[in-house]
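>>> The following block contains a protein sequence and its predicted model.
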Amino acid sequence: MQDFYRGQKVECIDDTPRQGGGGVIGDSLGPLKAGHVYTIRWHGFISGGRFASEYKVRVEEIYRKKRRWWKADIEDTPYLAARFRPIDLRKADKVDPPINVKKKELVP
């Protein structure tokens, strides 16, 4: 299990629905897209229920409206944390050109 922290940049690595997992909390994907970068705003476990043992995250870039799940209304359903991997910004800065510099700002 990967532990995340608030404010951490992560990449979505899995946007495929679970097989046979229709209606599973954290698996209604919405606008989540593999390869996109997101920022963790919450991480942890949902108390009680069948899926309480699955580590989940919420991201700054997506807020999911209240929806009906079984007999409960779920507000801002989190995603399964296994769908994300952390981005090592130290390695990302070594890319040519660095991701935080616009190409026109580079001096030959």
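Received the coordinates, thanks. On a predicted model such as this, the values are computed, not experimentally measured, just so you know.
>>> only C-alpha atoms for contact and neighbour calcs from this point on.
Fine.
>>> where does Val57 land in three-state SS?
Of the three states, Val57 takes strand under DSSP: H, G, I helix; E, B strand; the rest coil.
>>> Show me the shaky parts of this protein.
The chain contains residues with pLDDT under 70 at 1-2, 19-29, 48-51, 68-72, 90-108.
>>> now the helices: where do they sit in it?
89-92 (DSSP state H).
>>> Quick check: longest strand in it by residues?
For the chain, the longest strand by residue count, based on DSSP state E, is strand 37-44.
>>> what packs against that strand?
Judged by 3 or more Cα pairs under 8 Å, 6 or more residues apart in numbering; DSSP states H and E, strand 37-44 is in contact with strand 9-12, strand 56-59.
>>> which residues are in contact with stretch 41-57?
1, 4-7, 25-26, 40, 58-60, 78-82 (Cα atoms under 8 Å, 6 or more residues apart in numbering).
>>> who wins for neighbours among those?
Pro78 (25 neighbours; other Cα atoms under 10 Å).
>>> List the contacts of Ile62.
Going by Cα under 8 Å, 6+ apart, Ile62 touches 31-32.
>>> Quickly run through the sheet partners of the longest strand of the chain, with directions.
On the basis of DSSP bridges, the sheet neighbours of strand 37-44 come out as strand 9-12 (antiparallel), strand 56-59 (antiparallel).
>>> outside of the first one, which residues touch it?
The one in question is strand 9-12. 32-40, 83-87.
>>> now do 7 Å
33-40, 83-87 (Cα atoms under 7 Å, 6 or more residues apart in numbering).
>>> Report the buried members of these.
Buried members of these, counted by 16 or more other Cα atoms under 10 Å: 37-40, 83-86.
>>> What about Val73, how many residues nearby?
Wrong residue type there; residue 73 is Asp, not Val. Residues near Asp73, counting by other Cα under 10 Å: 11.
>>> That one is in contact with Lys66, isn't it?
Yes - applying Cα atoms under 7 Å, one finds Asp73 in contact with Lys66, separated by 6.3 Å.
>>> Please enumerate the shared neighbours of the two.
With Cα under 7 Å, 6+ apart, Asp73 and Lys66 have no common neighbours.
>>> Could you identify which of the helices and strands packed on strand 37-44 is most buried?
strand 56-59 (a mean of 23; mean count of other Cα atoms under 10 Å).
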